[in-house]
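Undergrad: just coords:
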C-alpha cells in the first residue's frame, strides 16, 4: 500500500515533497447535485456489525445532502474495547475519480470508500453535547473527507494527507490537530465486500499536527507511523491533546 505516491487529482503545483509526493491544490468544486441513490447501506452496516460485534449502534442522519447522502454510524464502547467506533455510510455510493495510471498498477479496484475513526469511551456523543464544536469536530471531519473526493472529482487513498485549509487551522479551539492522514487497519476490518461483488475500502482517519504532515512528506508514511505508534492507544483512539510526535 506504499504505492500511493501518485496523482491525487486537483491542480499540480511546481512543488514536490521530499518523499516524491506531488502537491496539489483544490480551488474548483463541482456544482450542487442531488444526492446519489444509497446503494451499499446494508453492506456497510453488516460489515461493521460483523467485525465489531456485540456493540449497540445508532446513526447520525444527514438532513441536507449535496452529491451524496452521508450518514455517520456510531457503535458504542464495550468492556473489552473501550472506545467508540464511528464510520460513514454513503461515501461509497459514487466511485471516486481514480487516474488511469494509478488504477492500472493496482491489483484491485479502489474507487469506492468510506472513512472511520475511534473515539475514547469518555467522548460525549449526545445531540446536546455535539453542539459543542470541541466534541463535534471529528464527525465534521469524517463528513468533509467523505464528500471531498466527490466535490473535487478526485480520490482519497492510503497515505494521503489533507491539511485543514491552507493555513493548517486547528479543527477546534480545544485541539491543535490541524490535518489528517488516511490509514487502513487490517484487511478484515477495512475491506467491505458488497453483495454485488464491489469492494469498498474503509480508510481510518488519523488526525495530525502540521509538523507530522511535514515529516511524512519528507520521510514517508512508514517513518511517520513508527513515530505515531510509539503513542500507544493515542495512535488510534483520538486524543485531541495528544503529544506532537514531530516537535
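TA: Structure received. Being a predicted model, the structure only gives us computed values, none of them experimental.

Undergrad: chain center to the strand ranked longest in the chain: distance?
TA: If each strand of the chain is counted by residues according to DSSP state E, the longest one is strand 199-208. Per C-alpha atoms, centre = their mean, to the nearest Å, the displacement of strand 199-208 from the mean C-alpha position of its chain is 4 Å.

Undergrad: ok, that strand: who's next to it in the sheet?
TA: When pairing is defined by DSSP bridges, strand 199-208 lines up against strand 113-120 (parallel), strand 179-183 (antiparallel), strand 191-193 (antiparallel).

Undergrad: Mind checking what helix or strand follows that strand in sequence?
TA: Scanning forward in sequence from strand 199-208 by DSSP states H and E, the next helix or strand is helix 210-219.

Undergrad: By neighbour count, which bits of that following helix are buried? Give me those.
TA: 210, 212, 213, 214, 215, 216, 217, 219 (16 or more other C-beta atoms under 10 Å). All C-beta spots, glycine's among them, are computed from the backbone N, C-alpha and C.

Undergrad: before we move on, back to that, between the longest strand of the chain and helix 210-219, how big is the angle?
TA: An angle of 120 degrees separates the directions of strand 199-208 and helix 210-219 when computed by axes from the mean of the first three to the mean of the last three C-alpha atoms, to 10 degrees.

Undergrad: May I see the buried residues of strand 199-208?
TA: Buried residues in strand 199-208, counted by 16+ other C-beta under 10 Å: 200, 201, 202, 203, 204, 205, 206, 207, 208.

Undergrad: Is it possible to get JSON lines of the strands paired with strand 199-208 that adds mean pLDDT and mean neighbour count?
TA: Output for the strands paired with strand 199-208, formatted as JSON lines (pLDDT from 0 to 100; neighbours: other C-beta atoms under 10 Å):
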{"stretch": "strand 113-120", "mean pLDDT": "98", "mean neighbour count": "22"}
{"stretch": "strand 179-183", "mean pLDDT": "98", "mean neighbour count": "23"}
{"stretch": "strand 191-193", "mean pLDDT": "97", "mean neighbour count": "17"}
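
Undergrad: I am finished for the moment; much appreciated.
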